[in-house]
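>>> A structural model of the following input is requested.
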Amino acid sequence: MEKVNVAEKFTLFSDHWNPKVVGELNGQQVKLVKFQGEFVWHHHDNEDELFLVVNGSFRMEFRDRVVELKPGEFLIVPRGVEHRPVADQEVEVILFEPATTVNTGNAGGAMTVKALEHM
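Got it, this is the predicted structure:
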C-alpha cells in the first residue's frame with residue numbers, strides 16, 4: 001500500500017497517447033495519459049471508460065455531439081459508443097477502465113499500445 005502522487009507521476013513522461021498504469025483494483029486499472037492532437041475514432045465492445053481531466057482541457061467527439069472537459073471534470077464513455085478524444089493543447093488525464101481495455105478499441109492501428117508501462 002503506497003500512495004501515488006499524480007502530479008509527480010505526470011512529470012516522469014512526455015509522450016502522448018501512451019497510457020501508464022499507476023494502480024490496479026478489482027480488475028480495473030488507473031492510468032495516466034497525456035493527449036495532444038486527434039486520436040482515432042473507435043469504440044470498445046466490452047468496456048466502459050472514465051476520463052478525468054487533471055490539467056488542460058480536451059473535447060470528446062461523438063458522431064452526434066461534442067463534450068468539452070476541463071480540470072476536475074470527468075466523462076464516462078459507455079461500451080459500444082464510438083468516440084474520439086481531441087486536445088488542441090496538451091492535456092493530462094486519468095483513465096479508469098478494465099485491465100482488458102485496448103486504447104484504440106476496435107480500430108487497432110499504429111496508435112495501439114500493445115504493452116502498457118507500469119509506473
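>>> drop to CA atoms for contacts and neighbour counts, all remaining ones
Fine.
>>> Could I get the CA-only coordinates of stretch 49-59 as PDB?
These are the backbone C-alpha positions of stretch 49-59, laid out as PDB (Å, rounded to 0.1, in the frame of the first residue of the first chain):
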ATOM      1  CA  GLU A  49     -14.100   4.100 -19.900                       C
ATOM      2  CA  LEU A  50     -13.800   7.000 -17.400                       C
ATOM      3  CA  PHE A  51     -11.700  10.100 -18.400                       C
ATOM      4  CA  LEU A  52     -10.900  12.600 -15.600                       C
ATOM      5  CA  VAL A  53      -9.100  15.800 -16.600                       C
ATOM      6  CA  VAL A  54      -6.200  16.800 -14.300                       C
ATOM      7  CA  ASN A  55      -4.600  19.600 -16.300                       C
ATOM      8  CA  GLY A  56      -5.600  21.200 -19.500                       C
ATOM      9  CA  SER A  57      -8.800  20.500 -21.500                       C
ATOM     10  CA  PHE A  58     -10.000  18.400 -24.300                       C
ATOM     11  CA  ARG A  59     -13.100  17.500 -26.200                       C
END
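>>> How much space separates His16 from Val33?
7 Å (Cα to Cα, to the nearest Å).
>>> Looking at the two, which one has more neighbours?
With neighbours defined as other Cα atoms under 10 Å, His16 and Val33 compare such that Val33 has more, 21 against 15.
>>> what mean pLDDT does the host helix or strand of that one have?
Per DSSP states H and E: Val33 is located in strand 28-38. Mean per-residue pLDDT for strand 28-38: 96.
>>> And the contacts of that strand?
Strand 28-38 is touched from outside by 10, 14-24, 84-99, with contacts defined as Cα atoms under 8 Å, 6 or more residues apart in numbering.
>>> what secondary structure does the closest residue in space to Lys114 that isn't next to it in sequence sit in?
Spatially, and ignoring its direct neighbours in sequence, Lys114 is nearest to Val102 (7.8 Å; Cα to Cα, 6 or more residues apart in numbering). Here Val102 is recorded as coil under DSSP: H, G, I helix; E, B strand; the rest coil.
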